[in-house]
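> Need a 3D model of the following:
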Amino acid sequence: MEASKDMMGEKGPQASQAQREAATFICARDTLDGVYPPLLLAINARRQGMDAAIFFTFMGLNAIRKGWIKKIKFQVPGFLGAIPGMCSMATGMMKKKIEHAGIPEIEDMMDMAKAEGVKFIGCQMTVDMMELCVDDFIEGVEIWTAEDYMKYAKTCKINMFI
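The predicted structure is shown next:
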């Protein structure tokens with residue numbers, strides 16, 4: 001699959017002095033604390049007038065797979081995470097805290113990000129490794145190689161691995 005034509009030119013990113021500021025965020029985990037931060041930051045980058053893209057790789061790729069967003073949980077770190085049922089209990093607690101704080105659910109955040117113009121990009125290597133295809137992803141996802149991402153990231157003002 002080709003990289004986005006509006007972000008990438010035939011020989012790499014279209015770099016010009018008039019180009020808008022841009023930010024990229026890498027999402028490598030399919031957990032509540034792995035998906036919320038890049039969504040929140042990308043939405044706010046767009047609201048600051050920047051182009052914004054989230055590069056989903058490794059387990060983070062699940063966040064943009066059809067039907068997977070409802071499966072995202074809070075993974076308790078360390079020894080406690082190994083206790084049976086702890087992940088489900090912690091996820092329920094975190095979702096209550098999220099609701100109490102007035103924070104939209106991840107599905108709604110994904111919709112907000114898309115509506116704001118955030119680009120969702122899947123990592124080609126991870127897609128190949130997981131034996132996935134374009135049809136496995138939600139609408140609007142682009143698949144880029146690591147080289148495509150790096151060419152674009154070089155033109156961005158902000159790049160964050162979360």
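> And the strand or helix carrying Asp148, what's buried?
Following DSSP states H and E, the helix or strand that holds Asp148 is helix 146-153. Judged by neighbour count using 16 or more other CB atoms under 10 Å, the buried positions of helix 146-153 are 148-149, 151-153. In this view, the C-beta of every residue, glycine as well, is placed from N, C-alpha and C.
> which one of the residues you listed is nearest Ile121?
Using CB to CB, Tyr149 is the member of the buried residues of helix 146-153 that sits closest to Ile121, with 6.9 Å.
> The most centrally placed residue in the chain bridge partners, please.
The residue lying closest to the centre of the chain (CA atoms, centre = their mean) is Ile54, at 4.2 Å. Ile54 forms beta bridges with Phe25, Phe120, as assigned by DSSP bridges.
> Could you identify the most distant pair in the buried residues of helix 146-153?
Maximum distance among those (CB to CB): 9.6 Å, for Asp148 and Ala153.
> Which parts of this protein are helices?
With helices called from DSSP state H, the chain shows them at 32-47, 86-100, 106-116, 124-129, 146-153.
> quick one: which of the ones you listed is nearest Ile69?
Closest approach to Ile69 among those (CB to CB): helix 106-116, 5.3 Å.
> and the closest one, which residues are buried?
Of the residues in helix 106-116, those scored as buried under the neighbour-count criterion (16+ other CB under 10 Å) are 106, 109-110, 112-113.
> re earlier: what residues are up against the residue nearest to the centre of the chain?
Shown here is Ile54, whose contacts under the criterion CB atoms under 8 Å, 6 or more residues apart in numbering are 24-27, 38-39, 42, 113, 118-121.
> Point out where this structure drops to low pLDDT.
For the chain, the stretches with pLDDT under 70 are 1-19.
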